[in-house]
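Okay, sequence plus prediction incoming.
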Amino acid sequence: MKYHKIIVYFLLFSTYAGATNIFFSNSSYKDGDLIFQTELLPRGMAIQAATASRYNHVGIIFKENGKYYVYEAIGTVTKTPLDSFVNRKGTFGRYTVMRPNKNNIDVNALKNYIRAQIGKRYDPQLKWTDSKMYCSELVWKAYHNSNSLKISTPKSIEDRIIGKVLLPVIPPKYIKNLDINDLVVSPADLARSWKLHLVYTNY
């Protein structure tokens, strides 16, 4: 029971602490910006606990026909109007935008890769394959495959906090479909990367 309390306290702190208000407008977005979010869903909260991060979801922003969209893996790989993404139920309108430090990003190649993934199903088993995609995998592979930019270093579940601390206390039914030796990249991995810089946050 004490582990459950620790996780709950951590999630509440990481989600609501450290609010920062910086002026931001639509003109400040650039194609390829990463946008991070906190979804109050069991799956998302488990990701937070496993990665010790306030973020559990991420997508990529592109402007199309004068409007901004977020390409994301949620249910399937899809594009969502930016306003709908930001105001998604349960997120309280909080989000963070980060941008690669690399200046010569091939935006067209990045967008072409993302668009080629549209319709792929979300991968709840977090497998490092291309047949299905989870959110941070989509973003990581998009930059790596289109621009040879390795935002972070994928690691196995076993090598993470969840493997060393949490796995022993998590009921087996919740992890029976996970391959703890398979590579995984999380929203936290991307957000902590020295290859990105903060553009805006209202946390």
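Okay, I see it.

any chance you could map the strands in this protein?
Assigned by DSSP state E, the strands in the chain fall at 34-37, 57-64, 67-74, 76-81, 96-100, 155-156, 183-184, 196-201.

want to try CSV for those strands, with mean pLDDT and mean neighbour count as columns?
From N, CA and C alone the C-beta is placed, and that goes for glycine too. Listed next are the strands of the chain as CSV, based on pLDDT from 0 to 100; neighbours: other C-beta atoms under 10 Å:
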stretch, mean pLDDT, mean neighbour count
strand 34-37, 96, 24
strand 57-64, 96, 22
strand 67-74, 96, 20
strand 76-81, 97, 16
strand 96-100, 97, 20
strand 155-156, 84, 14
strand 183-184, 87, 20
strand 196-201, 95, 16
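
And the ones you listed: which comes nearest Asn145?
Of all those, strand 57-64 sits nearest to Asn145, with 12.9 Å by C-beta to C-beta.

So in the chain, where's the weakest helix or strand by average pLDDT?
helix 2-16 (a mean of 45; mean pLDDT, DSSP states H and E).

what pLDDT does Asp179 get?
Note for Asp179: predicted pLDDT of 71.

Look up how far Ser156 lies from the closest residue to it other than its chain neighbours.
Nearest non-adjacent residue to Asp179, counting by C-beta to C-beta, 6 or more residues apart in numbering: Lys127, 6.9 Å away. From Lys127 across to Ser156, the span is 12 Å (C-beta to C-beta, to the nearest Å).
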